[in-house]
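> Give me the fold of what follows.
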Amino acid sequence: MEKTNWIEKIKEIVYTAMNKGLKIRYDLDEIKIWTDKCFPSYIIEFNNNRISLKTPKGFINIFYAITDRDDLELRTLLISIKEYQEDMAISELEEFISDKKEKEKITDIDNLDDDD
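Got it, this is the predicted structure:
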């Protein structure tokens, strides 16, 4: 029976969420991913020798001793999430500004014929 590398699986979950543009929040012992606006859809919790995975339809505790290397990979993942959040914030602000500028454009009477 092949042992699952849960750290790699968690990284895959997070990067998939990033590629889908989902909201992701984290702290040192938990990652939350939203697929809707109300409640986190996926929650990944890290405790000493356990990883808890909560999904919309289920929950599992995995007894997994997190090694120093795993801890380093998880910290690297958290940095990636932080950078993702920063990129998303900048993108949203730029979109907000461009939407505002579009709404502020006043059609010049000389340009009315150009729309045809």
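> What are the buried residues along stretch 57-74?
The neighbour-count check on stretch 57-74 (16 or more other CB atoms under 10 Å) flags Tyr64, Ile66, Asp70, Glu73, Leu74 as buried. Quick note: C-beta positions are derived from backbone N, CA and C, even for glycine.
> can you give me the end-to-end distance of that stretch?
Distance between the boundary residues of stretch 57-74 (CA to CA, to the nearest Å) amounts to 25 Å.
> now the strands for the chain?
For the chain, the strands defined by DSSP state E cover 23-27, 30-34, 42-47, 50-55, 58-63.
> Tell me how far Lys23 lies from Ile7.
22 Å (CB to CB, to the nearest Å).
> Neighbour count for those two, which is higher?
Ranked by neighbour count (other CB atoms under 10 Å), Lys23 and Ile7 place Ile7 first, with 20 against 15.
> Select, out of the strands of the chain, the one closest to Glu92.
Of all the strands of the chain, strand 23-27 sits nearest to Glu92, with 10.9 Å by CB to CB.
> same for that closest one, what does it pack against?
helix 6-19, strand 30-34, helix 68-104 (3 or more CB pairs under 8 Å, 6 or more residues apart in numbering; DSSP states H and E).
> Nearest residue to the middle of the protein?
Centroid-nearest residue in the chain, with CA atoms, centre = their mean: Ile24, separated by 3.2 Å.
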